[in-house]
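Asks: Let me see the structure of the following:
(one chain, ligands or ions: 2)
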Amino acid sequence: MILQQLETFHQDEGWAPLDHRPESLHEFEFRGADVTNNEVNDSVASSKIQNARIKLFEDKLNAAAGIDIPLILEDSPFFKTEIKPSTSYNLTLLTIGSRGDVQPYIALAKGLKAEGHNVTIATHKEFEPWISKYNIQFKEIAGNPAELMHLMVEHGSMSVAFLKEASSKFRSWINELLASSWEACQGTDILIESPSAMGGVHIAEALGIPYMRAFTMPWTRTRAYPHAFIVPDQKKGGSYNYLTHVMFENVFWKGISGQQTKIPFLYNVSPTIFPPSVDFPDWVKVTGYWFLDEGAAKDYDPPKDLLEFIDSAYRDQKKIVYIGFGSIVGWSDRLSNDEKDKVEVELPPEIYDSGAVPHDWLFKRIDACVHHGGSGTTGASLRSGLPTVIKPFFGDQFFYASRVEEVGVGIALKKLNAKSLSKALKTVTTDLKIVEKAKKTSERMRNENGVATAIEAIYSELEYARTLITVKQQHNEQSRANALKSGTQTPVVYEDDEYESVEEESTMTTIWVVSLIMKKKLAMKATKRPLHRRKTLQIPLKTPYKVPIAMMKKI
Ligand SMILES: O=c1ccn([C@@H]2O[C@H](COP(=O)(O)OP(=O)(O)O[C@H]3O[C@H](CO)[C@@H](O)[C@H](O)[C@H]3O)[C@@H](O)[C@H]2O)c(=O)[nH]1
Ligand SMILES: CC(C)[C@@H](C)/C=C/[C@@H](C)[C@H]1CC[C@H]2C3=CC=C4C[C@@H](O)CC[C@]4(C)[C@H]3CC[C@]12C
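Replies: Ligands and ions are numbered 1, 2, ... in the order given. Okay, the predicted model is just below:
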């Protein structure tokens, strides 16, 4: 009976049970994607995906049956239960930023396609050819990666100046971003978004579709790690870390912090580098990196010169070190037209200018790495067991620099100059403790399968994500209906200016508080209105505190 209900419930989705074939000893069998095509051939990973499919099936079954006590399907040692996803979902993966913000989604999209789903990556125009090469659908959203990188590199981390520039110069871009994201998500069944893209949760709510987040850097409340954009110079402890998240949420997206916290969130970072904190709730998962491994492609043809360079280093028994600053040099200097900035230096034979080379190929062949601490590059160097030197430039790069030191696999550089670099290079190539730890770390990382774990999490969290959105929609409907009925609240239509100024003021208030906590003296300059007009300042941090004006003056 339940199966019949299930069929009716998911009629449009094609959950049609096949005839039972007694000889196969399968209790249930469903039409769908051919798992033999699944590129994820690691057996542990595929059994995890299998379990997640069963969980998804159970969730659907329970929703269809509408009974209070959930049904749990269990594999009997005698009867194997094989459930294949016959529902082919349309997934949209929405992301902004540079290569490192897009590449993990290409890897995930490949895994999801192998599961039989249709996947679209919605991002900036310049990534279209790369995405299309993998037969993944592409939709354009507004934004110029070079401008975003420039903003980030200019400011380093969150500061009053960053907020001022972001909220003045980038406001109209944010409008375009939201409008184009909305367009790109039409027809989607499931939305997965990097939270930096901002609009996802509202789009999902309006479309009534399950929504999850995925990111490369710490972006959910925890005492274990600071927010990626507020990494202190020295460790400041759990409460401080927690506060950095609350502060960022408040500044970044006012008003949705309460709602944000329960959204399924996938960190595409290795749990060896970023162990899930004990205070991570169930819906926050650290899946492992989503590696794309472009160097493993059959058609990858490494440059002959590079091969020769590597061979000659082997012959001379010299160690090989990679130095590259990823998105920092690739993007942020694109805006500069100043020819003076582009000085060509003649390189000695000990240095080979490789340009972009797939790290998964190159890093297997070398001894150590120096880079900017981009999430993906850190993953690539540590997976290959390379002692790693990080010179961070902004945001999460400071975080990964400190993680590399804490894990004992490398060095964080504050300043990059000939002296500091040569000292660091010597250490990472000769310090056996670091070299050994890097090897051990890579052994652990090789057992991780980020894409498979992510697919497992997507299946397991799907129905939960769906109810989250449905409940929110119902809640909104209800409050609208109540307000209209009681007549106490009629929909408010803001004049454009009025709306702007409300936003502006509350943003500035938060900037004040952030600055107070971060002891930034600049805060005084940032507020527009004279101090005496404000009697008290309500901290919009969901805490009961009020900051008396006297305290504000002390900054
Ligand atoms: O020549 C190259 C250059 C890059 N890669 C790979 O490309 C990816 C780049 O990832 P990542 O380092 O995360 O990307 P970036 O675009 O350089 O970094 C931006 O995006 C990251 C992810 O959000 C952030 O962590 C960084 O702070 C931000 O600068 C990694 O897998 C690298 O291994 C190569 O294989 N070959
Ligand atoms: C008050 C509002 C308007 C402020 C806070 C919003 C600022 C925007 C412009 C900031 C906030 C977070 C930033 C952001 C987060 C993370 C990344 C990933 C990185 O790899 C590239 C830059 C990128 C994509 C940047 C771009 C600029 C963003 C989106």
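Asks: and the residue of the stretch 251-400 of the chain at minimum distance from ligand 1, what is it in contact with?
Replies: Ligand 1 sits closest to residue 374 of the stretch 251-400 of the chain, with a gap of 2.1 Å, by CB to the nearest ligand atom. To be clear about C-beta, it is placed using only N, CA and C from the backbone, and glycine gets the same treatment. Going by CB atoms under 8 Å, 6 or more residues apart in numbering, residue 374 touches 100, 326-327, 397, 400.
Asks: who does the residue nearest the centre of the chain bridge with?
Replies: For the chain, the residue nearest the mean C-alpha position is residue 215 (0.9 Å; CA atoms, centre = their mean). On the basis of DSSP bridges, residue 215 is bridged to residue 267.
Asks: Let's have the contacts of residue 374 in TSV, adding distance to ligand 2 and secondary structure.
Replies: Formatted as TSV, the contacts of residue 374 follow (distance: CB to the nearest ligand atom, whole Å; DSSP: H, G, I helix; E, B strand; the rest coil):
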residue	distance to ligand 2	secondary structure
100	6	helix
326	9	helix
327	6	helix
397	9	helix
400	12	helix
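Asks: Break this structure into its domains for me.
Replies: 2-65, 90-289+450-473, 305-446, 499-554 (automatic domain parsing).
Asks: ok now stretch 160-178, how far from the chain's centre?
Replies: Relative to its chain's centre, stretch 160-178 lies at 20 Å (CA atoms, centre = their mean, to the nearest Å).
Asks: Am I right that residue 91 falls within a strand?
Replies: Yes: with DSSP: H, G, I helix; E, B strand; the rest coil as the criterion, residue 91 is part of a strand.
Asks: for it, which residues make a bridge with it?
Replies: Counting by DSSP bridges, the residues bridging with residue 91 are residue 119, residue 190.
Asks: Run a quick neighbour tally on it.
Replies: By other CB atoms under 10 Å, 24 other residues sit near residue 91.
Asks: Could you do residue 308 as well?
Replies: 11.
Asks: quick one, phi psi at it?
Replies: phi -60, psi -40 (degrees, to the nearest 10).
Asks: do residue 390 as well
Replies: Torsion angles, degrees, to the nearest 10, at residue 390: phi -120, psi 130.
Asks: circling back to that earlier point, please tabulate the domains of the chain in TSV, including the columns mean pLDDT.
Replies: Output for these, formatted as TSV (pLDDT from 0 to 100):
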stretch	mean pLDDT
domain 2-65	57
domain 90-289+450-473	92
domain 305-446	92
domain 499-554	42
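Asks: pretty sure the residue nearest to the centre of the chain contacts residue 263?
Replies: No: using CB atoms under 8 Å, residue 215 is not in contact with residue 263, being 11.5 Å away.
Asks: Most neighbours out of the contacts of residue 374, which is it?
Replies: Going by other CB under 10 Å, residue 400 tops those with 32 neighbours.
Asks: Flag every residue of the stretch 301-450 of the chain that's near ligand 1.
Replies: Those residues of the stretch 301-450 of the chain that sit near ligand 1, judged by CB under 6 Å from any ligand atom, are 326-327, 356-359, 374-377, 380, 395-397.
Asks: Out of the residues you listed, which end up buried?
Replies: With burial judged by 16 or more other CB atoms under 10 Å, the buried subset of those is 326-327, 357-359, 374-377, 380, 395-397.
Asks: Can I get the helix or strand where residue 47 lies as CSV, trimmed to CA atoms?
Replies: Under the criterion of DSSP states H and E, residue 47 resides in helix 43-65. Written as CSV, here are the backbone C-alpha positions of helix 43-65 (Å, rounded to 0.1, in the frame of the first residue of the first chain):
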residue,chain,number,x,y,z
SER,A,43,33.9,0.8,-2.8
VAL,A,44,33.5,2.5,0.5
ALA,A,45,32.3,5.6,-1.2
SER,A,46,29.8,3.9,-3.3
SER,A,47,28.4,1.9,-0.4
LYS,A,48,28.0,5.2,1.5
ILE,A,49,26.1,6.6,-1.5
GLN,A,50,24.0,3.4,-1.6
ASN,A,51,23.1,4.0,2.1
ALA,A,52,22.2,7.6,1.4
ARG,A,53,19.9,6.5,-1.4
ILE,A,54,18.2,4.2,1.0
LYS,A,55,17.8,7.1,3.5
LEU,A,56,16.4,9.3,0.7
PHE,A,57,14.0,6.5,-0.2
GLU,A,58,13.0,6.1,3.4
ASP,A,59,12.4,9.8,3.8
LYS,A,60,10.2,9.8,0.7
LEU,A,61,8.4,6.7,1.9
ASN,A,62,7.7,8.3,5.2
ALA,A,63,6.5,11.5,3.7
ALA,A,64,4.2,9.6,1.3
ALA,A,65,2.8,7.4,4.1
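Asks: Which positions in it come out as buried?
Replies: Neighbour-count burial for helix 43-65 [16+ other CB under 10 Å]: 45-46, 48-50, 52-65.
Asks: Stretch 453-470 too?
Replies: 453-466, 468-469.
Asks: Quick check: phi and psi at the residue in the stretch 101-250 of the chain that ligand 1 sits nearest to.
Replies: The nearest approach of the stretch 101-250 of the chain to ligand 1 comes at residue 216, 3.8 Å away (CB to the nearest ligand atom). Main-chain torsions, residue 216, degrees, to the nearest 10: phi -100, psi 0.
Asks: Can you name the residue of the stretch 1-150 of the chain nearest to ligand 2?
Replies: For the stretch 1-150 of the chain, CB to the nearest ligand atom, closest residue to ligand 2: residue 97, 3.3 Å.
Asks: so that residue sits right up against residue 196, yeah?
Replies: Yes: checked against CB under 8 Å, the pair residue 97 and residue 196 is within contact range at 6.3 Å.
Asks: Which residue of these two possesses the greater neighbour count?
Replies: Here residue 97 and residue 196 are compared on neighbour count by other CB under 10 Å; more neighbours surround residue 97, at 21 against 18.
Asks: Please identify the residues of this structure in proximity to ligand 2?
Replies: Near ligand 2, when you scan the chain using CB under 6 Å from any ligand atom, you find 96-98, 100-101, 148, 151-152, 163, 166-167, 170, 196, 251-252, 507.
Asks: And the strands in the chain, which stretches?
Replies: 90-94, 118-123, 137-140, 190-193, 211-215, 265-267, 284-286, 321-324, 368-371, 388-390, 410-412, 536-538, 546-548 (DSSP state E).
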